[in-house]
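Student: This is the structure alone, sequence omitted:
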C-alpha cells in the first residue's frame, strides 16, 4: 500500500514563512511523502527545503542564482493552484505509491499529529474526500457570504445560506478522487473573476457548492471540529475575541455582541500543558489552520515549531 502525500502551494515564501509548517510535519510522526509546488522562490529557501527532504516541484525551471521565477498572467494562485495540483498528480501517475493526498495552506498551518493516523482511524472506504468545517453557516459569516454572492450570485447564496461552511485551506482525499476534484474545481472557477472583492478567490465558494453535488456528496466526509481532524481558527471564539475577521471587528466595536450564537457547535479549545498542543476536550487537533489568529496559539506555535 502506498504512503500519503502532504503537499502545499507557495509563492514568494521564504523559509521564515514555511518553517512552522515544515517543522511540524517532521515532529508529528508522519512518515509519508512531503512536497511543495512552487511559483516563485529564492534559491536559498529551495535548498533549505531540499535539505529538509521536501520534494520541490516548480512552475518554472530552477536557476542556481535566481531560484524559481514564474510570471502570473492574469490568474490567481488561489484558483490556479488546483489545476497545477491536478497536473502534478497526473504527471506522477503514482496512485499505487500515493494513497491519500493532503493539500494544505502553508504559512498558517501546522500538524500537531500524524494525519495518516487520523485518516486510518476515522474514514471508511466510501469516504474519498475529507474537508473540515469552519463551524458556521453562510448566513452567519460575513466574508464567506459576500464571497458566495460576488462569485456565484444570489441564486447560489440562497441555496447555500443555511449550509455549513467548509474550508479550502485543508483538503484531503484518495489519490484519484482528489486529483479529479482539483480539476473540476478549477474548471468551475475558470470563467470567473479570480480576484473576488474582499480578498481571496472564488475557490472556496465553488468547493462548497461542489460538496453538495451528486458526484461528491456520497464520497465526502464533512468533518466537525469536534472530530480532531482540523481546526480552522479564524472562526473560533479566540480569534473573534482577538478582533480577527468581520465578526471580530464587530465584536471590538461592541463587546456585548452575541457571536456565540453564530457557531454550529459549542466548542472549547484547550492547550494541554503536558504537550503544549491544542485539544477539543481530550481529542487532539491534528491540523491547526489559521493559528496566527489566536494570540496564545501564535505564541505557542512559534515557540514549539520555530528553528530551535
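Tutor: Noted; the coordinates are in hand. Keep in mind that this is a model prediction, so the values were computed, not measured.
Student: Longest helix of the protein, counting residues only.
Tutor: Taking DSSP state H as the criterion, the chain has its longest helix at helix 142-160.
Student: so residue 291 makes contact with residue 303?
Tutor: No: between residue 291 and residue 303 no contact is recorded; they are 12.0 Å apart, counting by C-beta atoms under 8 Å. Where C-beta positions appear, they are placed from N, C-alpha and C, glycine not excepted.
Student: Show me the helices in the stretch 151-300 of the chain, by range?
Tutor: With DSSP state H, counting those that start in this stretch as the definition, the stretch 151-300 of the chain shows helices at residue ranges 175-189, 203-211, 214-217, 237-241, 245-253, 295-305.
Student: my guess is residue 131 contacts residue 171, does it?
Tutor: Yes: between residue 131 and residue 171 there is a contact under C-beta under 8 Å: 5.8 Å.
Student: what do the two both touch?
Tutor: Shared contacts of residue 131 and residue 171, defined by C-beta atoms under 8 Å, 6 or more residues apart in numbering, comprise residue 207.
Student: any idea of the pLDDT on residue 273?
Tutor: Looking at residue 273, its pLDDT is 86.
Student: Can you report how many residues neighbour residue 273?
Tutor: Residue 273 has 7 neighbours, counted by other C-beta atoms under 10 Å.
Student: Return the most buried member of the helices of the stretch 151-300 of the chain.
Tutor: Mean neighbour count (mean count of other C-beta atoms under 10 Å) peaks for helix 203-211 among those, with a mean of 22.
Student: quick one, it and helix 142-160 angle?
Tutor: Interaxial angle, helix 203-211 versus helix 142-160 (axes from the mean of the first three to the mean of the last three C-alpha atoms, to 10 degrees): 30 degrees.
Student: roughly how far is helix 203-211 from the heart of the chain?
Tutor: Taking C-alpha atoms, centre = their mean, to the nearest Å, the mean C-alpha location of helix 203-211 is offset from the chain mean by 13 Å.
Student: now stretch 65-77
Tutor: Relative to the centre of its chain, stretch 65-77 is centred 21 Å away, using C-alpha atoms, centre = their mean.
Student: Apart from its chain neighbours, what residue comes closest to residue 177?
Tutor: residue 128 (3.9 Å; C-beta to C-beta, 6 or more residues apart in numbering).
Student: again, but for residue 179
Tutor: Excluding the flanking residues, the one nearest residue 179 by C-beta to C-beta, 6+ apart is residue 89, at 4.2 Å.
Student: didn't the one you found look like it was pressed against residue 175?
Tutor: Yes: with contact defined as C-beta under 8 Å, residue 89 and residue 175 form a contacting pair (6.8 Å).
Student: Need the overlap of contacts for these two.
Tutor: Counting by C-beta under 8 Å, 6+ apart, the contacts common to residue 89 and residue 175 are 98, 101.
Student: For the residue nearest to residue 177, give its distance to residue 176.
Tutor: According to C-beta to C-beta, to the nearest Å, residue 128 and residue 176 sit 8 Å apart.
Student: cool, residue 248 as well?
Tutor: From residue 248 to residue 176 the distance is 39 Å (C-beta to C-beta).
Student: Next: residue 48.
Tutor: 33 Å.
Student: what do you get for residue 79?
Tutor: 22 Å.
Student: swap in residue 28?
Tutor: Using C-beta to C-beta, one gets 25 Å for the distance from residue 28 to residue 176.
Student: again with residue 215
Tutor: Here residue 215 is placed at a distance of 13 Å from residue 176 (C-beta to C-beta).
Student: now do residue 206
Tutor: As judged by C-beta to C-beta, residue 206 and residue 176 stand 20 Å apart.
Student: what do you get for residue 281?
Tutor: Distance of residue 281 to residue 176, given as C-beta to C-beta: 35 Å.
Student: Ok, residue 204 next?
Tutor: Residue 204 sits 23 Å away from residue 176, going by C-beta to C-beta.
Student: and what of residue 54?
Tutor: 24 Å.
Student: pLDDT below threshold where in the chain?
Tutor: When residues are selected by pLDDT under 70, those of the chain lie in 1, 93-96, 308.
Student: Swap in 90 and give it another go.
Tutor: By pLDDT under 90, the weakly predicted segments of the chain are 1-2, 71-77, 91-97, 125, 191, 193-200, 217, 273-274, 307-308.
Student: And the strands in it?
Tutor: In the chain, the strands defined using DSSP state E lie at 3-10, 33-38, 55-58, 98-104, 109-111, 129-137, 164-174, 220-223, 230-232, 269-272, 277-280, 283-284, 287-289.
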